[in-house]
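1. Got a sequence here, can you model it:
(chains A and B)
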2 protein chains.
Amino acid sequence: MSYAVRPVAVVASPLTDPATAPKQGTEGGAEAWLTFEPDVLDALDGLAPGDRVILLTWLDRADRATLRVHPRDDVRNPMRGVFGTRSADRPNPIGLHEVEILALDGARMRVAPLEAVDGTPILDVKPVL
Amino acid sequence: MSYAVRPVAVVASPLTDPATAPKQGTEGGAEAWLTFEPDVLDALDGLAPGDRVILLTWLDRADRATLRVHPRDDVRNPMRGVFGTRSADRPNPIGLHEVEILALDGARMRVAPLEAVDGTPILDVKPVL
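-> This next block holds a predicted model:
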C-alpha cells in the first residue's frame, strides 16, 4: 500500500548544501522563493504577505531506511528513533517549516526563514492555527 | 513527477464518520490507538508517555482536485484557496495533528486528542519543537 504525492511548488534558495544548511529555519534559515505549479494557483487565493504558514517539503535526499539516528548528527547524542527527532532520514521524509510570507507575485511566493535547500519540492502549504 | 509515501501506522478510533468528526483535535478529538508496522518499530525508540508529538496523516477520503473551499464547510464563509485553510481537500491531503502520547505498548501507541477517523493511515511522527 502506498500513495503518490506530487510537488505543488519548488524552492529557490541561496542554500544549496544540505551538509551546511541550518537544521531549523530559526537557526539561520534564508529568504527563499517558492514557484508554484500553474494548475494549483487557485489554492493560494486569500493568502497575503504577513501571513504565517507551515510548508510541507519532500526531503528528496533523505535515506528512507534509517530508523535510528544520533540527534542533530552529533555522535555525542545517544541514538534514538527517528520519530522522536526531526531528522530528514525517516520512512516518509516530509519536512515541516513554519515561515512568514514576505511577498506574493503570481506563481511566486517569497518566504523566510527557510532552511530547505535549493530545489526542494513543496507538497503543501497550511495556515498556522 | 511524484513520490510514494507509505503508511507507517494506522488509527483505531471511536470516531468513524468524517462528516461528524471534529475539525481539530482541540474541538473534541478522541483518544485513539495507533498500531505501527513491524518494520518501523525501531523508529519509536526513546518516545515516552507525556511526550507531545505531531502526527502526519494521509486523509485518504479527501478530494485532491479541490483548490478553493468555504472554510470549515460553512457556506457563509467566503471561498478561499485551500493553502490558506486546513481543509482535508487539497492536492496532497496530508493532515497535521498535535497530540500527547498517553501510553506505549510494543507496536501500539495511545494518543489524544485526535480528530482523525478510524482507519486513517499515519505517515510520520515528529516531536513538537
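
2. can we go C-alpha only for contacts and neighbour counts from here?
-> Will do.

3. What pLDDT does the model give A:D17?
-> We have a pLDDT of 84 for A:D17.

4. if I look at it, how far off is chain B?
-> Note on A:D17: its distance to chain B, by C-alpha to the nearest C-alpha, to the nearest Å, is 22 Å.

5. mind saving the C-alpha coords of the longest strand along chain A as PDB?
-> If each strand of chain A is counted by residues according to DSSP state E, the longest one is strand A:94-105. Output in PDB follows, covering the C-alpha atoms of strand A:94-105 (Å, rounded to 0.1, in the frame of the first residue of the first chain):
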ATOM      1  CA  ILE A  94       8.300  15.100   4.900                       C
ATOM      2  CA  GLY A  95       9.700  18.300   6.500                       C
ATOM      3  CA  LEU A  96       7.700  20.900   8.400                       C
ATOM      4  CA  HIS A  97       8.800  24.600   8.200                       C
ATOM      5  CA  GLU A  98       7.000  27.500   9.800                       C
ATOM      6  CA  VAL A  99       7.600  30.600   7.700                       C
ATOM      7  CA  GLU A 100       6.300  34.100   7.100                       C
ATOM      8  CA  ILE A 101       5.000  35.100   3.600                       C
ATOM      9  CA  LEU A 102       7.100  38.200   2.600                       C
ATOM     10  CA  ALA A 103       5.600  38.700  -0.900                       C
ATOM     11  CA  LEU A 104       3.300  37.100  -3.400                       C
ATOM     12  CA  ASP A 105       3.800  37.700  -7.200                       C
END
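
6. tell me what it is packed against?
-> Under the contact definition 3 or more C-alpha pairs under 8 Å, 6 or more residues apart in numbering or on different chains; DSSP states H and E, strand A:94-105 sits against strand A:52-58, strand A:108-114.

7. I'd like to check what contacts the first one. Which residues are they?
-> What that stands for is strand A:52-58. A:7, A:93-101, A:116, A:120-128 (C-alpha atoms under 8 Å, 6 or more residues apart in numbering or on different chains).

8. same question, the last one
-> Residues outside strand A:108-114 that contact it (C-alpha under 8 Å, 6+ apart) are A:24-26, A:28-36, A:97-104.

9. Show me which of the residues you listed are buried.
-> A:24-25, A:29-36, A:97-104 (16 or more other C-alpha atoms under 10 Å in any protein chain shown).

10. before we move on, back to that, what would the helices and strands packed on strand A:94-105 look like in JSON lines with mean neighbour count?
-> Listed next are these as JSON lines, based on neighbours: other C-alpha atoms under 10 Å in any protein chain shown:
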{"stretch": "strand A:52-58", "mean neighbour count": "21"}
{"stretch": "strand A:108-114", "mean neighbour count": "21"}
